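# need a 3D model of the following:
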Amino acid sequence: MGKRKAALLLAGVLAAAGFTGCGKAENQNSEAKEKVRLMVWSPSEDQSKDSGQWLQNSCEDFAELHPEWDITFVYGIADEATAANQVAQDPEASADVFMYANDTLTIMTDANALAKFGGRYREEIETTNSPEVLESLVKDGDLYGVPFTTNTWFMYYDKSVFSEEDIKNLDTMLEKGTVSLPFTNSWYLPSFYIGNGCTLFGDGTDESKGVDFSGEKAAEVTDYLIDLAANPNFEIDADGSGLAGLRDGSINAIFSGSWDANAVKEALGDNMGAAALPTFTLNGEEKQMTSYAGSKAIGVNPYSKNMVAAVELAVYLGSADAQRSHYELRNVIPCNTELLAEEAIANDPLVSAQNDTFNRTSILQPFVAKMNNCWVPVENMGKGIRNGSVTHDNSVAQTEDMNEAMNSDGI
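A predicted model of the protein is given here:
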């Protein structure tokens, strides 16, 4: 058996068994500490002094909890969006523990570069996370990470301009103030099509069903978007223009995520509001804007030479304690159900907005391989509406072209 296959077999056996009989109990009976080296990757913000060095402090706390190990941590920079490609290209040279966005999960599983969590570890993860969050990290029944936050976008708004009743409907808001959305960004624009019944890969997992952004249900959304872009109270958000508008008062609501919370707070102060996505009025009927959603998770390399310690660290970095400090230092919204039940966290409008969006106004972003075919056609639709090449006269044909491209491997 080759080295690669042997490593994968060992990782699978250990994960499935929950590492029963390994690690802490045996080591604590030994007088000599076991030397352990763990390479850990995270976004730079998690290691920045300006942001409180969340990763280093969390790892040091973990080491204190495990006196049986003499741990040397080696830190590297890799954000959640790009870590998967780095790990998949050369798993044996990659980090033991890393953070990744769930929509990149199949990149790593296809490369046999992501360890499964089983036994007592899976039980612990399942007892502290919602079924919806867990579903975002499960493939073929196997759990591939420890979630530490949900990942989606929602609405920030100026409470001095919009009431709580106003923010329920986008078109009502456009009568009261100026709203900005990343119109040419294909992570945002599908929210209108999905809200009117368009689908991706059936329930998001069946590639054979393809994308259905076609027919009247899609074309009437394109017509709505043409009118939206032409509305004098609507602005296309690009290159930070939405935030800039919040600061100078020319824009009163934007769509973004928790990563912009501090900047929005600086712009709006006590008038900062956050809420799940509004409805929009299409041909006299209210439709729900519906975003893509997912999670961010701690992953483990199946080639780790210190598998027990690596999995223990991953579970700790996704624990209630680590999520609390992540939230306090960087506004990373927790998903641990114990934390979400705490009054101070539950009453935070930012937490409510993100979790309400995840639970009520979103779908899990498909992570099937053919999802990669969907980004450019939707982006081109947004650009076409913006520059005037998509009009009411050709909206049906342009919508069908978009749908065809989303179902083509040529894009």
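# mind showing which ranges of the stretch 51-200 of the chain have poor pLDDT?
Within the stretch 51-200 of the chain, no range satisfies pLDDT under 70.
# what are the ranges of the strands in it?
69-77, 97-101, 138-139, 142-143, 146-151, 154-158, 179-181, 199-200 (DSSP state E, counting those that start in this stretch).
# elements contacting the fourth one?
Where contact means 3 or more Cβ pairs under 8 Å, 6 or more residues apart in numbering; DSSP states H and E, strand 142-143 is packed against helix 119-127. In this view, the C-beta of every residue, glycine as well, is placed from N, C-alpha and C.
# could you tell me the angle between the helix it packs on and strand 146-151?
30 degrees (axes from the mean of the first three to the mean of the last three Cα atoms, to 10 degrees).
# from the contact counts, what lies against helix 119-127?
Right, helix 119-127 is packed against helix 3-17, strand 142-143, helix 307-317 by 3+ Cβ pairs under 8 Å, 6+ apart.
# just how off-centre is that helix within its chain?
When C-alpha coordinates are averaged (Cα atoms, centre = their mean, to the nearest Å), helix 119-127 and its chain have centres 21 Å apart.
# list the buried ones in that helix?
Neighbour counts using 16 or more other Cβ atoms under 10 Å place 121, 122, 124, 125 of helix 119-127 among the buried residues.
# my read: the second one touches residue 143, true?
Yes - here residue 122 lies in contact with residue 143, judged by Cβ atoms under 8 Å, at a distance of 5.3 Å.
# mind putting the strands of the stretch 51-200 of the chain into TSV with distance to residue 108 and mean neighbour count?
Converted to TSV, the strands of the stretch 51-200 of the chain look like this (distance: least, Cβ to Cβ, whole Å; neighbours: other Cβ atoms under 10 Å):
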stretch	distance to residue 108	mean neighbour count
strand 69-77	16	15
strand 97-101	7	26
strand 138-139	10	14
strand 142-143	12	19
strand 146-151	15	26
strand 154-158	28	25
strand 179-181	32	26
strand 199-200	21	22
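# looking at these, which is nearest to residue 341?
strand 146-151 (15.7 Å; Cβ to Cβ).
# would you check how far apart residue 272 and residue 55 are?
Per Cβ to Cβ, to the nearest Å, residue 272 is found 28 Å from residue 55.
# er, residue 333 actually
18 Å.
# between the two ends of stretch 162-170, what distance do you get?
11 Å (Cα to Cα, to the nearest Å).
# once you drop chain neighbours, what's closest to residue 306?
residue 36 (4.8 Å; Cβ to Cβ, 6 or more residues apart in numbering).
# so what's the residue count around the one you found?
A count of nearby residues for residue 36, using other Cβ atoms under 10 Å, gives 21.
# mind checking pLDDT for it?
For residue 36, the model assigns a pLDDT of 97.
# does it touch residue 73 like I think?
No - counting by Cβ under 8 Å, residue 36 stays clear of residue 73, with 9.4 Å between them.
# middle-most residue in this structure, spatially?
Nearest to the geometric centre of the chain sits residue 151, at 2.6 Å (Cα atoms, centre = their mean).
# residues contacting the residue nearest to that residue when sequence neighbours are not counted?
Excluding the flanking residues, the one nearest residue 151 by Cβ to Cβ, 6+ apart is residue 294, at 4.7 Å. Shown in contact with residue 294 (Cβ atoms under 8 Å, 6 or more residues apart in numbering): 101, 102, 103, 136, 150, 151, 152, 364, 365, 367.
# still on that earlier bit, ranking the helices and strands packed on helix 119-127 by mean pLDDT, which is last?
Among these, helix 3-17 scores lowest, with a mean of 44.
# would you list the phi and psi of the residue nearest to residue 199 when sequence neighbours are not counted?
In space, and not counting its chain neighbours, residue 199 is closest to residue 212: 4.8 Å by Cβ to Cβ, 6+ apart. Main-chain dihedrals, residue 212, degrees, to the nearest 10: phi -120, psi 80.
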